[in-house]
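**Student:** Sequence and predicted model, in that order:
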Amino acid sequence: MAQPLKIAVLGAECTGKSSLVAALQAHWQARGAKVLVAPEVLRQWCDQHKRTPLAHEQVAIAQAQADLTEHAADADYLIADTSPLMTAIYSDVLFQDPSLYPFALKHQRIYQHTLIAGLDLPWQADGILRDGPDMRRRVDARLRDVLQHQGLAFSIVYGTGPGRLASALAVLEPGASTVPQARGSWRWLCDKCSDSACEHRLFSDLQAAKTQR
């Protein structure tokens, strides 16, 4: 039986991961494909417990996230709305606990594509998960550092609405033009596109320019 194309959508808080996952699911389902989505366990956990997890609770969340990908053999696509690697990143950044990396990195290698949601969307607080824009930048930078150090390929996705979907499909369906690029959307053109510090400076300049208009 053919295995599905497995895609992990990763990123720091408030970067539009779930919206992108939903857009990809709708795009492929509209074309008759069977699409399975592995939802974000952390979000469900926080909704249930009305708080963020403690250090010792991270392992169970990472394992539960991985378990959601185990039964997708009859699908055309499996889209993971985050992966255990994000749990490992937060354990490292928040609790100085790197112990989840071996498990998370082994799991990450099951995906044919890893998409990272860029930081071009405005940060918004929601009362439970949001730690602030500074933490968002720290998590984003750490995620990219880990992937690069481990030799795991990834692509950055930018834009809003149809533009963000088009950015993802440019990676997942190279050469296809099934989704038009939204007018006014922005594409990263720097030859150091994985350099988060450079990217963050550029976005700061763009935001300042918008404010001055």
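**Tutor:** In hand now; what should we look at? Numbering: from 1, shown residues only.
**Student:** Any figure for the gap between Arg137 and Ala153?
**Tutor:** Note on Arg137: its distance to Ala153, by C-beta to C-beta, to the nearest Å, is 22 Å. For the C-beta atoms, the positions are set from N, CA and C on the backbone; glycine is no exception.
**Student:** Compare neighbour counts for the two and give me the winner.
**Tutor:** More crowded of Arg137 and Ala153, by other C-beta atoms under 10 Å: Arg137, with 18 against 10.
**Student:** Three-state assignment for the more buried one, please.
**Tutor:** helix (DSSP: H, G, I helix; E, B strand; the rest coil).
**Student:** OK, contacts around the residue lying closest to Val139 once chain neighbours are set aside?
**Tutor:** Spatially, and ignoring its direct neighbours in sequence, Val139 is nearest to Ala12 (4.0 Å; C-beta to C-beta, 6 or more residues apart in numbering). Counting by C-beta atoms under 8 Å, 6 or more residues apart in numbering, Ala12 touches 117, 119, 135-137, 139-140, 143.
**Student:** Distance check, Ala12 against Lys34.
**Tutor:** Separation of Ala12 from Lys34 (C-beta to C-beta): 30 Å.
**Student:** and Asp74, how many residues sit next to it?
**Tutor:** 11.
**Student:** Just the buried residues of the host helix or strand of Ser167, please?
**Tutor:** Assigned by DSSP states H and E, Ser167 belongs to helix 162-172. By 16 or more other C-beta atoms under 10 Å, the buried positions in helix 162-172 come out as 163-170, 172.
**Student:** in the protein, what secondary structure element scores lowest on mean pLDDT?
**Tutor:** helix 196-212 (a mean of 52; mean pLDDT, DSSP states H and E).
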